[in-house]
Structure formats: structure tokens, C-alpha cells
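Novice: the following block contains a protein sequence and its predicted model.
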There are 2 protein chains.
Amino acid sequence: MKALLDRLQSLLGDKGLLTGEAMATYELGARYGKGRALAVLRPASATELREAVRAAFEHGVVLVPQGANTGLVGASSPDGSGRQFIVSTERMRSVCEIDPDNRSVRVAAGMRLSELNERLAPHGLWFPIDIGADPSIGGMVAANTGGTRLIRYGDVRHNLLALEVVLCQLGAPLLRLGSALRKDNTGPNLRELFVGSSGVGGLITEVTVEVVPRPQQSATALVVPKSDASVMELLRAIESELGDFLAAFEGLSEHALQAAINHVPSLRNPFAPGPLPEFALLIELESSSSAAAIGLDLQACLDRFLENQFDRTISNAVLGSGASLWHIRHAISDGARALGEPIAFDVSLPRSKLMIFRRAALEFVANSFPALIVIDFGHIADGGMHFNVVRPHETPPLDVAQITKLRDTIYSLVVEVFGGSYSAEHGIGPHNLVYYQRYEDVESQVLAQGIRALLDPHALCGAVDFGPAVPTQAQ
Amino acid sequence: MKALLDRLQSLLGDKGLLTGEAMATYELGARYGKGRALAVLRPASATELREAVRAAFEHGVVLVPQGANTGLVGASSPDGSGRQFIVSTERMRSVCEIDPDNRSVRVAAGMRLSELNERLAPHGLWFPIDIGADPSIGGMVAANTGGTRLIRYGDVRHNLLALEVVLCQLGAPLLRLGSALRKDNTGPNLRELFVGSSGVGGLITEVTVEVVPRPQQSATALVVPKSDASVMELLRAIESELGDFLAAFEGLSEHALQAAINHVPSLRNPFAPGPLPEFALLIELESSSSAAAIGLDLQACLDRFLENQFDRTISNAVLGSGASLWHIRHAISDGARALGEPIAFDVSLPRSKLMIFRRAALEFVANSFPALIVIDFGHIADGGMHFNVVRPHETPPLDVAQITKLRDTIYSLVVEVFGGSYSAEHGIGPHNLVYYQRYEDVESQVLAQGIRALLDPHALCGAVDFGPAVPTQAQ
């Protein structure tokens, strides 16, 4: 092993190989995942990365790809063995080729979303996946991030044009999958195998995505729906009347609003002097056309629409002041953590089932875990919901059996009762693997396992081992 | 074989099994592909289809899936052996479950696009893939159809939520891949393997897609760009000023316009009394908001935008009268066929390279094949171009060497010189297999072959054999 580390040291240089204390921040996941690595490899290019993969391959060392280490399911964390390499792409940031006419950009996997958007800004363009973290582009592909504006812009998959991937095979072949084309049907689309992969199967080195014109105006409102049924009625109305502009339609529970407001001193109850509502909706419209260009003022348009909805679907509204409303929305996660220990559920449902699920899940928690507080918020328009359950600091910790009961029951409601997903946008990672094995058809798991064996025959890449829990003879 | 046919007869009934003369229309492809089948199986349900697959699997008979038989690359045609079964899904039309709140529909593979849209209409919804043919939904998935409105709505892949697929394996397992969810990252996305598959790997029995509000207004214009460079300048301007509404931005050459007008007596030169321009652009805006709801009249908006573009990027324009302009656009293919024998090139390029490619390709044809006429039209906004070369009836047929030279040179320009695709939206099928083998990395071909072996270990499903032309030991 000493020989391998020496070889990697001479290959990658001092900045390219970390060991000991320097690995600490790489070994700890943003939410879950905490392990020990043998070394952190930080190649500066795809060429260096391929050399490192070859060396590791020869020694049978497992590689855990890591972008900005902002993932929430432990998919970029090593296990506890101290025998895995973390391969960080954070130094792979030199490629950024913008084609303004094609509205596309080819970018090295390690570039952060924020830097990409800075570089796109002078061209009037942006990559519109809107999430709380600042991940690397390669990590965004591996997690297929969605975020708050999916209803308008789609997830990463919808905007992905091409990938370059290094496989963990002899020779570390570099696959170029796709090009900067919007229409391209040349055989099986292999790049999709690496989207939402949790880093399994290969190491993403370069990404080409479609980018879009930056919005020229937006409009915001925080409204109180009259009832659960009103939520969907309002969504349908806004989609049929203002669908071209709908960018966000977020649900915020009273506890979520309260947690944010308690946590950040500058935030106040937007409904003051009234009380916080039991549930509110943050609506945002966006247009790539300025009001001057098309003679349409979005905020006026939204205000008029909501006026017509008063007494039909909504009972109260705070109009405009988008920045402060989003400030509340983005403070929820920190607010929840300040309150206690969150047990996170990143679920999605058919939109038609979302509010019904919410009631059922709230009732279960209230009955079975009365000490816990549900801080739920979500992306109603795309069916996503962060049903986060928080154990306040002052209450005793849950034991493993209680946490398992909580997770099992919530996911059973989501998947078995309401036809939803136990992993909407954070991915599987080691954290959700048990539910993957429980809820995915065995045929699909066998197929996923077979595909991994094609891509990475010795299972040397990634922190997750897809495939059935019990070896099966199916097929 | 007699025993197998008897078994299928009793399984599928008289309507479910065709032999002899009755097979003629199934044996002939819409553009390419002409073969002979042993029988045509027409199961009425996924259950019947699975029974048929099991029976065929036991006898090692190859199945060629066929939807509405509207594909253009021979992917739904049997070979000439007379030993394959065509499996037509045209009787599988009974499932159509619309969820208006979720804006999704679950539909049997054999339902036609037109019927799906009729059923969606009462809900104010539609499936917005706009193409000339009226394919089955299953066929649309297998071809990943794109069409004229891709820039606004995406292709089938972008709108696909879930699939049901029967694999050609012992027991004919039915895989349910995905659900009616917009955010769902639960392991490798296996349904993508069947999108744009040309029918290889499995038989699609059911499809769940996202659907969108029907447009409430639209605006159309036919404009003449000042130069090739103006085309992209105009596209960028309209995307940054009116991007929320842009639904089509189609290029039409003089020959294409002329062919349409000559062919359909009711069509006239829209620029009369002036001559037809060398190149024109058909622009369409759409909005799901009515003019009354948002106080914005799209046609007025487009007219104003184009007025500002006069002398900058355009030299002439015919405004409005969308229906008659689209009538010309949709008459081009028939017009080309009336003129002679078309040799079709369904290519795409980075938008930034599209007009440059067009000039180079026109020059090549004019120099090397002066008797041929190029009837080109395309989807400029998504980089797609139908560069169709027509041999007029009165000129002598091309021999195989000439056709090969023509195809090789055009595709070489597209792929090797300009980084484009030799198959934008019609797929590979047997017709383009030689270019797949030429232009796809060997590693990718080996991978595609490996995936097919997982899905369909005896290669019993589909008319195309992906994988390298020469067996390879790579990996």
C-alpha cells in the first residue's frame, strides 16, 4: 500500500494527495455518512484522474467519488474501514466552454454551481437548478438534483446533454456519452446510467448541459389556502392561467415558518399582527421577458390572479417582497437543526395525493411520537415534500427501534399507501439502501446489479452496492 | 412451428393472430424496411402479450415490436427471412387513466397520439409532442420522438414518468419502471434504457407521461432572414425577449417551400407577388394563458418584436395566418415524394453550427450530384434538420455506390466536421446501424451490447442488433 501511495503522490503531487488529519472534512458527510479513508485523491484533470483510477484498480482499492460533499444521503462518504480512497473532483475546474448560440456549456465535473452561474451571467444565461447547497456539477448529475424550480426548468436529467465518465475497468476507459445536441437518438442512451447514480459505476469528469436565459422579472406571494383541497385547486388554476411563468409553488407548514423565524433574528411573521397560518404557499412567477419588452408586469398579474382567488381557494395573502419570503423559506433547515435532531424524509407523491399523505403522516407522528415536531415544507408543484421530523433537544434521544419504526411507517405510507417515492431528490446512498431493497422489484434490482457489473466489474466505484439484499437466482 | 401457431391462435383468438396476405401492411415500413413475417401477433392486453412472449421465447422466435408502423428507419419491420413474429400493440388501447391534478396519464402502449389528445382535451390538457405522423405511445417511447415543438416541450424522454416493459426472458417478467412522479431518484433509472431503443431489449406495454395545459393563444409569422448569420441572431433575440412563449422556429428552404406549393393546389406562395426566398423561418409562439387572462396578445407581441428586427436580422415577413403557414410546412414531405425519390437525412447539430453545415452540405450536393435537389427543412431552435435529397423522377436512379458516397459524405460532415448527430429523431433501426457502428465509441457499443444481453439474453426482441460490427474482446 505504501508503494501505491508513493505512486499516487508522484502522480498527483502534494495538493493531489491528502492523508491523516487533512482528510477530516472529506470523511464527514453533510448530513449522514461518517467514515475513515485511506487517502483523499484530488486529481486536477481527467488525465490525472484516469491515472489514479488505473493505480487504484490494480490494487483493488474502492473509490468513493466526491464532489463538493454537499449530498444528504452519505453517497460521497467512505465506510469505516479506512481502506477506501475518496476521489474528490474539487480541483477539476479548468474546463468551462460556453456556446451562447447553442445555449450550452461544457464544464469540468468539479466546478461549483455558483461559479458556473457567475461565468454564464455575462452571456445573460444561467443553469436554473435552484437548491440550498452549492454542489459541484458532477455531483449534481450523480444526485440528479431537482430543487425548488423543477416545475419550470426540470431536474438535472432534463438539462443534461452529454457526459464524460471514467469507468473502473482495466485501462480506465473514458467514455464520451452524447454531445451538445438537443436531438440525438443514436442507440441506447448510456449517459442516463450515471444520472442519479449516487456515484456508482464510474467517475464523472465532464458535463455538458443546456442553459437558459436569465429571468428578467419575477413576482412572489405568500398565500394561505382555505383548505387542503384548495391547494390543488389553486395550483391547477395558476397553471392554466399563468402556467408559462410558474417557477415555484412551495408548501410551508406553521412549524416550518416558526422554526425559521425563531432561528433568524431579522425574520418576522409576515402575517403579523395575525398569527402564523397552519399551512402557507410560497408562489413565484418568473419570465425571461422584461415587463417593458412584452408590456406585462408579472407582479401585477399575480396580484390580480390572487385577488380573484380570494374566498375561492385562499383566505389570506402577503404579496411581493420576494427576497424576504425566500429568506424565510431558506432558513427552515437551519431552524429545524437549531430546534433539535432532524430525522429527514425526502419524499415525493403524485400531486393529487400530496396533501392527503401529509395529513396521514402528521396524524401518525402526533399519535405515536407526541414529543416530536414535524417541520415540513415541500415543492407542491412537483410533488416533492421534505417531511422532516425533529426531536427537540430537551427530549430524550430515540433508540434504534423507534427510529426504524418512524422511518418504516412514513415510507410505507408514502410508497405502499399513496404510490410515492422514498427518495425524491437526495438519492439512495447508503442511507436509503434498505428501502431500495425493500421497495424495488427484485427484477429491477438484479438488472441494476448487472449493469453495475458491466460498468465496474469489480465493484470498485461508489459507496452504494445496488442489488438485492439476499443474493437471488432470479432471471 | 405449427404447434406454436396453434397455441398462439388459441391464446390470442382470430383477431390476435394474422398470417398470409393479412400481414402485408405490417411487413412494409413507412419509409424504409420491407420484410416477411411468420405471423403478426396482436395481443389485446399485457397479459396476452406476456403469454405470447413466453410461447415465442420457448421456440426461439425473434419478436419485432410494432406500434402504428409509422417509424422511418425500419425499426418495426421484420427481416426477409419469414421467420420472425411482428408483435403489434395496436389492439392494446384499453388503459387510459388521466390524473388531472397530477397532470399525468397512464396509457396502454397501443393508443395513438391523436386518441390520447382527444381524451385529454376535456381536461384542458394535451401531450405536446407535435409530429407529422400519428404514432402509438409505445412507439413514441421506443423512438423518443421530438418534433417541431421540442424547444418548448422537450421530447418524449422529457415527459416520461414511468414504463411497463415485458422482457424476453424465461417467464416474460413485467417490469414496472418508475411511477407517476416528477421527483423520484431511487437508484439507477432503468426506464431510460427503453427510450429511443428502436424496440430493442423489451416490449413496452404501458406508458405514464406528464401532460400540460393546452395553449390558449398562439402567434405565427414566416420571415426571411437577411443572412445565415442573422438566423442565430434572431433566435437569440427571440429567446431572450419572448423565450417563455417560443414553440417553433423552423427553417424552410426555397426548394422545400416550392415542393409543398407545387404539390398542394390550394397552397400559394405566401410572399406573392414577390418570389420565394432562398430560406425562410416559420416562427410560432404559444401561451397557456389567454390574452384576456394576462392582458397580453401574443400576435401583437410577435408583430412588434419582428418590426424591431426589420433591417437588423430580417428582410421580409408574412405575419399571422398560422394554419396556412403550417399547411405549407406539413406538405413538404409529400411534395418531396411527388418530385422524386427522397434520400433522407435526419440530422442535428449544435445550433451554432447548423447554418454553416447547411452551406457546406448544399455545396457538396451541388458539386457532386448536380441532378439531385435538396429539399431541406428543420427545427433550427433544437438543432434538428431534415436534409432531404431528392432524385427527380426524370433522372436515372443512383447506384448503391453513389448512394453510399452521398450518405457517407453528408454524415461525415455532420458528425466529424461539425460535431452533430446522424440520427436526430428517427432513431437507428436497421437503416442507420452501419453509422452507429462507425461513429459510436467501441466501449459504448460493447456496453450497449452488454445491456441488451441483460435485458434479452437471447436477442429475441427488436429489429436491430446493437454492438460492434466486428466482435471485440474489449473490456
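Specialist: Sure, I can see it.

Novice: for chain B, what's the nearest residue on the stretch 251-400 of chain A?
Specialist: Nearest to chain B, among the residues of the stretch 251-400 of chain A, is residue A:352, at 3.7 Å (C-beta to the nearest C-beta). (Glycine included, C-beta is placed from N, CA and C.)

Novice: just the pLDDT at that residue, thanks.
Specialist: The pLDDT attached to residue A:352 in the predicted structure is 96.

Novice: just residue A:471 next, same as before
Specialist: For residue A:471, the pLDDT comes out at 50.

Novice: same question for residue A:30.
Specialist: What the model reports for residue A:30 is a pLDDT of 88.

Novice: and it, that one's in a helix?
Specialist: No - residue assignment for residue A:30, taken from DSSP: H, G, I helix; E, B strand; the rest coil, gives coil, which places it outside any helix.

Novice: strands of the stretch 301-450 of chain A, residue ranges please.
Specialist: For the stretch 301-450 of chain A, the strands defined by DSSP state E, counting those that start in this stretch occupy A:314-319, A:340-343, A:346-348, A:373-379, A:384-392.

Novice: burial count for the spatially closest residue to residue A:167 that is not a sequence neighbour?
Specialist: Counting by C-beta to C-beta, 6 or more residues apart in numbering or on different chains, the nearest residue to residue A:167 once its immediate chain neighbours are dropped is residue A:202, at 4.7 Å. Other residues within reach of residue A:202 by the criterion other C-beta atoms under 10 Å in any protein chain shown amount to 30.

Novice: same check, this time on residue A:455
Specialist: 26.

Novice: which of the strands of the stretch 301-450 of chain A is buried the deepest?
Specialist: Stretch with highest mean neighbour count among these: strand A:346-348 (a mean of 28; mean count of other C-beta atoms under 10 Å in any protein chain shown).

Novice: what helices or strands is that one leaning on?
Specialist: strand A:384-392 (3 or more C-beta pairs under 8 Å, 6 or more residues apart in numbering or on different chains; DSSP states H and E).

Novice: pull the residues that contact the strand it packs on.
Specialist: A:146, A:150, A:251, A:259, A:333, A:336, A:339-349, A:354, A:357-358, A:361, A:365, A:369, A:371-379, A:397-398, A:406, A:410, A:424-425, B:182-183 (C-beta atoms under 8 Å, 6 or more residues apart in numbering or on different chains).

Novice: pull up the residues of the stretch 1-150 of chain A that are close to chain B.
Specialist: Counting by C-beta under 8 Å from any C-beta of the partner chain, the residues of the stretch 1-150 of chain A close to chain B are A:99-104, A:124, A:143-144, A:146, A:150.

Novice: how does it look with 10 Å?
Specialist: A:73, A:99-104, A:123-125, A:143-147, A:150 (C-beta under 10 Å from any C-beta of the partner chain).

Novice: the stretch 251-400 of chain A too?
Specialist: Within the stretch 251-400 of chain A, the positions adjacent to chain B are A:286-290, A:292-298, A:300-301, A:304-305, A:308, A:346-355, A:378-379, A:381-385 by C-beta under 10 Å from any C-beta.

Novice: buried ones among those?
Specialist: The neighbour-count test (16 or more other C-beta atoms under 10 Å in any protein chain shown) applied to those identifies A:286-290, A:293-294, A:296-298, A:301, A:304-305, A:346-355, A:378-379, A:381-385 as buried.

Novice: so where do the helices sit in the stretch 351-475 of chain A?
Specialist: Ranges of helices within the stretch 351-475 of chain A are A:351-368, A:400-412, A:433-439, A:442-455, based on DSSP state H, counting those that start in this stretch.

Novice: between the ones you listed, which gets nearest to residue B:419?
Specialist: When these are compared for distance to residue B:419 using C-beta to C-beta, the nearest one is helix A:442-455, at 25.4 Å.

Novice: so what does that closest one touch, helix or strand wise?
Specialist: Using 3 or more C-beta pairs under 10 Å, 6 or more residues apart in numbering or on different chains; DSSP states H and E, the elements in contact with helix A:442-455 are strand A:160-167, helix A:433-439, strand B:174-177, helix B:442-455.

Novice: please name every helix or strand in contact with the first one.
Specialist: When you say that, I think you mean strand A:160-167. For strand A:160-167, the helices and strands in contact under the criterion 3+ C-beta pairs under 10 Å, 6+ apart are helix A:46-58, strand A:104-108, helix A:137-143, strand A:174-177, strand A:202-210, helix A:442-455.

Novice: switch these over to TSV; also include mean pLDDT.
Specialist: Below are these laid out as TSV (pLDDT from 0 to 100):
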stretch	mean pLDDT
helix A:46-58	95
strand A:104-108	98
helix A:137-143	96
strand A:174-177	96
strand A:202-210	98
helix A:442-455	93
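
Novice: looking at the ones you listed, which is buried most?
Specialist: Stretch with highest mean neighbour count among the helices and strands packed on strand A:160-167: helix A:137-143 (a mean of 30; mean count of other C-beta under 10 Å).

Novice: give me the contacts around the helix or strand just after that one.
Specialist: Scanning forward in sequence from helix A:137-143, with DSSP states H and E defining helices and strands, the next element found is helix A:150-153. Contact partners of helix A:150-153, identified using C-beta atoms under 10 Å, 6 or more residues apart in numbering or on different chains, comprise A:126-130, A:146-147, A:156, A:158-159, A:210, A:212, A:215, A:235, A:239, A:243-249, A:284-286, A:379-384, A:424-425, B:103, B:182-183, B:244.
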